[in-house]
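S.K.: sequence? don't have it. structure:
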């Protein structure tokens, strides 16, 4: 049980640190430029914290624990990649299904799989 709790907190801190570097430094201007029209000025931190807690549980359940049971780091890489692809597909395909695609001053969703992040484009 201690190993599971330790793994959870190591994964949580690692994922949070990487995500903050990605969101706060590397892609900060990119997201403001491409998604500024839908970004909130005040993030919902409760929702963000709940996401992190649940998502890290998913990473442990689907990638880390099977890897530890098999004593194979390759299992963690493969299962983690599959989980990531599933999550991106869920997000992207839901957006494709629910965001307006009309050309009259509307937005459409496009091309997230080639670069690993969603892109919204405004029709001119």
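M.R.: Looks like it arrived, so ask away. Just so you know, these numbers come straight off a predicted model, no measurement behind them.
S.K.: number of nearby residues for residue 59?
M.R.: Taking other C-beta atoms under 10 Å as the criterion, the count of residues near residue 59 is 22. For the C-beta atoms, the positions are set from N, CA and C on the backbone; glycine is no exception.
S.K.: surely it is within a helix?
M.R.: Yes - the secondary structure assignment for residue 59 places it in a helix, going by DSSP: H, G, I helix; E, B strand; the rest coil.
S.K.: longest helix in the chain, please.
M.R.: Longest helix in the chain by number of residues (criterion: DSSP state H): helix 73-98.
S.K.: may I see the buried residues of that helix?
M.R.: Along helix 73-98, these residues count as buried under the neighbour rule (16 or more other C-beta atoms under 10 Å): 75, 76, 79, 83, 92.
S.K.: distance to residue 12 for those residues - can I get that in a markdown table?
M.R.: What follows is the buried residues of helix 73-98, written out as a markdown table (distance: C-beta to C-beta, whole Å):
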| residue | distance to residue 12 |
| --- | --- |
| 75 | 20 |
| 76 | 16 |
| 79 | 18 |
| 83 | 15 |
| 92 | 25 |
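S.K.: what bits of this structure have low per-residue confidence?
M.R.: Counting by pLDDT under 70, the ranges of the chain that qualify are 100-124.
S.K.: those strands in it, which residues are they?
M.R.: Under the criterion DSSP state E, the chain contains strands at 107-110, 119-122.
S.K.: nearest residue to residue 80 in space, please, no chain neighbours.
M.R.: Spatial nearest neighbour of residue 80, chain neighbours left out: residue 63 (4.0 Å); criterion: C-beta to C-beta, 6 or more residues apart in numbering.
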